[in-house]
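In: got a predicted structure plus its sequence, pasted below:
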Amino acid sequence: MCGIVGYIGQKNAQEIIVGGLRKLEYRGYDSAGVAVLTENGLAHDKAKGRLAELEALLEVKPLEGTAGIGHTRWATHGKPSRENSHPHLDEKQKFAVVHNGIIENFLSIKEELIAKGYKFISETDTEVIAHLLADLYDGDLESTVRQAIKKMRGAYALGIMSEYEPDKLIAARLASPLIVGIGEGEAFIGSDIPAILEHTRDVYILNEGEMAVLTRNGIELSVAETGEKIERDIFHVEWDLVQAEKGGYDSFMLKEIYEQPQAIRDTMGSRIDVDTNKVVLPEIKMSAEELSQFNHIYIVACGTSMHAGLVGKEVIEKLVRVPVAVEVASEFRYRDPIFTDKTLVVVISQSGETADTLAALREAKKSGVKVLAITNVVGSSVAREADEVIYTWAGPEVAVASTKAYTCQVISLYLFALYFAQVKGTQSDAQIAEITTNLLELPGKVAEILENPEAIREFANTLTDVTSLFFIGRGLDFAVTLEGSLKLKEISYIHSEAYAAGELKHGTLALIEDNVPVICLATQPDIYEKTVSNIVEVIARGARTLGFAVAGDEELGKTVDSVIHIPQTLPFLSPVLSVIPLQLLAYYASAARGLDVDKPRNLAKSVTVE
Ligand code: M6R
């Protein structure tokens, strides 16, 4: 995930900024840069790769000055490269910008600016901000930034400076986190607390739509669009550095679970056109004709990514009526799959480096089959070798147990399925609009679930001595139970199995006896009654049941021992919601057993061996 550091004061800005960026290295990045106001004006340098690369450049040619901004980039729009790294500057190099997040309408702003003669040198959405500031500048940096913000849609945390007003830094926030630090005769900007913790523990946390103007004499907060002044209490940070890296959460996994509303919003980003309610995927290079000729899809992946694929299968088949087979990559590569010239292979990988997935991709390409990758890491092996790439913009995932990557993979599969349906004309505009409208509501609904974890925590606390449990569901609920079960066993070491609820009676029902916990998902209306019948079967054998139902369902609670409701949405979008409590369940079960949630035994984050 990108990191921002800014400084204005009396000290050497370059040193403070690079030191702050180093504290953000744990978040992952692929390039770094810094801009400083020097005697000769705004100067900057940047480098692809580790911070050490940037430091080597700065050693040869230091940027002397006491105000500056810096950035570590995790690529989204455009590959990792020097050109794409931040800060971005306008053509006359009078404005410098660092940015986290995504400007959803950057393409239309870029077109306007190109029409006015502005020249772009990077592939990023951020560069439009620098040119936009130059275009709008009215002699007052603050009001220029406000005007620019009014034109931008999306998610951003911004650090801005200008040679025209050298004694000022501007920080602004919409959706991406940003803080400003208070010092004596100095002030700081940070995307995260660790970036500035060495220098100050007194910060203002910017809220949505707020802006801060930093000078050596103090910090002024205001509403970004209107300029209305804001009074804010100082937040005194009590955390140590390790706690701060986890954003105050106990583990990276919990932090990443709570990042999901933002990650999902970023992944949908500019891909849903809110004017037409359609999906736009400019990253897909193949033509509509080429895409629409595919009549068979293999989705190939491992672990959690494969489970996302199971949701994708249901969705693509429902919306496009093209058959989809989901395959475990380690099996697929050795089993001589049937390829035709109308086969598309979709590989899914958070890391983009999983050996089995990569080998499956290569097998497909060797047979001349087109490969579309869904991955979280720009420039990863999977991304480089696939013909087409859709990135999940989840940001780096540190915990071994994958959470936000899964929900973003599922979102990407919805987007792909909708795009495919648009191209093939298998859904009407009204149907597409209904789905995209509901998709856009998902981040808020995920946040709603995350606000109420207590019932899940209570249930998890009852599992400390449990040795085995079951998850059941049908259809899409079954796909989600597979993920819930993997998550639980992976970090709590409790043996668990996910079963298609209707299949239990063909053998596994023999394992259900008094007090065996069974977690039952019943969110799918078309098979609801059948699912409830299966739940009744396990209850009759003594199972202790926790049910998941959709808000408004007053029935399931009469059958199971306890019930948790998830917000309403279109039934086929519910996996993005129902998986959240299952992730929390795994987390709390692991924490209650005193285990290392982030680094479970025997497992690695990226499995680069066969
Ligand atoms: O990086 P990938 O998505 O290719 O990784 C695949 C699996 O190794 C991964 O999803 C694994 O199952 C997770 N640790 C599960 O939480």
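Out: Structure received.
In: quick one: name the residues of the stretch 201-350 of the chain near the ligand.
Out: 302-305, 349-350 (Cβ under 6 Å from any ligand atom). (Each C-beta comes from the backbone N, C-alpha and C, glycine too.)
In: of these, the lowest pLDDT goes to which?
Out: pLDDT across these is at its lowest for residue 350, which sits at 94.
In: the closest residue to it other than its chain neighbours sits in which helix or strand?
Out: Of all residues not flanking residue 350 in the chain, residue 405 sits nearest, at 3.9 Å (Cβ to Cβ, 6 or more residues apart in numbering). Element membership for residue 405, per DSSP states H and E: helix 404-424.
In: which residues does residue 239 contact?
Out: Neighbouring residues of residue 239 by Cβ atoms under 8 Å, 6 or more residues apart in numbering: 193, 197, 248.
In: nearest spatial neighbour of the first one, skipping sequence neighbours?
Out: Translated: residue 193. residue 244 (4.3 Å).
In: show me what contacts the one you found?
Out: Contact partners of residue 244, counting by Cβ under 8 Å, 6+ apart, are 192-194, 197, 237.
In: check the chain for the residue nearest the ligand and tell me.
Out: residue 303 (1.9 Å; Cβ to the nearest ligand atom).
In: how many neighbouring residues does residue 487 have?
Out: When counting by other Cβ atoms under 10 Å, one arrives at 27 neighbours for residue 487.
In: residue 190 and residue 24, how far apart?
Out: 8 Å (Cβ to Cβ, to the nearest Å).
In: let me know whether residue 303 touches residue 402 as I believe.
Out: Yes - here residue 303 lies in contact with residue 402, judged by Cβ atoms under 8 Å, at a distance of 7.3 Å.
In: neighbour-wise, which of the two wins?
Out: residue 402 (28 against 22).
In: and residue 1, what's its pLDDT?
Out: Reading off the model, residue 1 has pLDDT 63.
In: among the contacts of residue 239, which ones are in helices?
Out: Among the contacts of residue 239, DSSP state H puts none in helices.
In: buried subset of those?
Out: Buried members of the contacts of residue 239, scored by 16 or more other Cβ atoms under 10 Å, are 193, 197.
In: among the contacts of residue 239, which one has the lowest pLDDT?
Out: Lowest confidence among these: residue 248, with 82.
In: what does this structure put close to the ligand?
Out: Near the ligand, when you scan the chain using Cβ under 6 Å from any ligand atom, you find 302-305, 349-351, 354, 357, 400-402, 486, 490, 606-607.
In: now with 5 Å?
Out: Applying Cβ under 5 Å from any ligand atom, we find that the chain lies next to the ligand at 302-305, 349-351, 354, 401-402, 607.
In: before we move on, the earlier item: now do the helix or strand just after the helix holding residue 405 against helix 404-424, angle only.
Out: The helix or strand immediately downstream of helix 404-424 is helix 429-450, counting by DSSP H and E. Counting by axes from the mean of the first three to the mean of the last three Cα atoms, to 10 degrees, helix 429-450 lies at 170 degrees to helix 404-424.
In: and helix 429-450, what does it pack against?
Out: Secondary-structure packing of helix 429-450 (3 or more Cβ pairs under 8 Å, 6 or more residues apart in numbering; DSSP states H and E): helix 260-268, strand 272-273, strand 278-279, helix 404-424, helix 575-592.
In: and residue 207, how far is that from residue 45?
Out: Relative to residue 45, and taking Cβ to Cβ, residue 207 is found at 33 Å.
In: the more surrounded of these two?
Out: Neighbour count, other Cβ under 10 Å: between residue 207 and residue 45, residue 45 has more, with 20 against 13.
In: low-confidence ranges in this protein?
Out: 1, 609-610 (pLDDT under 70).
In: quick check: domain ranges of it?
Out: Domain ranges of the chain: 3-245, 255-443, 454-592, per automatic domain parsing.
In: distance to residue 599 added to these, as TSV?
Out: Shown next, in TSV, are these (distance: least, Cβ to Cβ, whole Å):
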stretch	distance to residue 599
domain 3-245	14
domain 255-443	6
domain 454-592	9
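In: looking at those domains, spot the one closest to residue 598.
Out: domain 255-443 (4.6 Å; Cβ to Cβ).
In: first-to-last residue distance for the closest one?
Out: End-to-end distance of domain 255-443: 16 Å, with Cα to Cα, to the nearest Å as the criterion.
In: for the residues of the chain next to the ligand, which single residue is the most surrounded?
Out: residue 349 (34 neighbours).
In: picking up where we left off before, which of the residues of the stretch 201-350 of the chain next to the ligand lies closest to residue 17?
Out: Distances from residue 17 to those, taken by Cβ to Cβ, are shortest for residue 350, at 30.1 Å.
In: now the closest one. Its backbone dihedrals?
Out: Residue 350 has phi and psi values of phi -60, psi -60 when expressed as degrees, to the nearest 10.
In: what sits against it?
Out: So residue 350 contacts 304-305, 375-377, 392, 394, 397, 402, 405, 409 (Cβ under 8 Å, 6+ apart).
In: mind redoing it with 10 Å?
Out: 301-305, 308, 357, 374-377, 380, 382, 392, 394, 396-397, 402, 404-406, 408-409, 605-606 (Cβ atoms under 10 Å, 6 or more residues apart in numbering).
In: then residue 558?
Out: Here residue 558 is in contact with residue 532 (Cβ under 10 Å, 6+ apart).
In: got the buried residues for the strand or helix carrying it?
Out: If you go by DSSP H and E, residue 558 is part of helix 556-559. The neighbour-count check on helix 556-559 (16+ other Cβ under 10 Å) flags 556, 559 as buried.
In: chain center to it, what's the gap?
Out: 35 Å (Cα atoms, centre = their mean, to the nearest Å).
In: for stretch 346-360, same thing?
Out: That offset, for stretch 346-360, works out to 18 Å (Cα atoms, centre = their mean).
In: before we move on, what about stretch 379-399?
Out: For stretch 379-399, the distance to the chain centre is 12 Å (Cα atoms, centre = their mean).
In: neighbours of the closest residue to residue 272 other than its chain neighbours, how many?
Out: Excluding its sequence neighbours, the residue lying closest to residue 272 (Cβ to Cβ, 6+ apart) is residue 436, at 4.9 Å. Other residues near residue 436 come to 21 when the count uses other Cβ under 10 Å.
In: got it, and residue 421?
Out: 23.
In: same check, this time on residue 449
Out: Neighbours of residue 449 using other Cβ under 10 Å come to 22.
In: give me the distance between it and residue 443.
Out: Residue 449 is 11 Å from residue 443, by Cβ to Cβ.
In: need the residues touching each of these two.
Out: Contacts common to residue 449 and residue 443, judged by Cβ under 10 Å, 6+ apart, are 260-261.
In: for the residue most central in space within the chain, grab phi and psi.
Out: Centroid-nearest residue in the chain, with Cα atoms, centre = their mean: residue 394, separated by 1.8 Å. For residue 394, the backbone dihedrals are phi -80, psi -20 (criterion: degrees, to the nearest 10).
In: ok, it - contacts?
Out: Residue 394 neighbours (Cβ under 10 Å, 6+ apart): 1, 256, 259-260, 262-264, 266-267, 350, 376-377, 402-409, 411-412.
In: of those residues, just the buried ones, PyMOL syntax please.
Out: Only the buried entries of the contacts of residue 394 go into this PyMOL selection, using 16+ other Cβ under 10 Å:
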select buried, resi 1+256+259+260+262+263+264+266+267+350+376+377+402+403+404+405+406+407+408+409+411+412
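In: so residue 23 sits right up against residue 4, yeah?
Out: No - using Cβ atoms under 10 Å, residue 23 is not in contact with residue 4; the gap is 12.0 Å.
In: anything in contact with each of these two?
Out: 190, 192, 195.
In: quick one: these as CSV, columns for neighbour count too.
Out: Listed next are the shared contacts of residue 23 and residue 4 as CSV, based on neighbours: other Cβ atoms under 10 Å:
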residue, neighbour count
190, 28
192, 24
195, 29
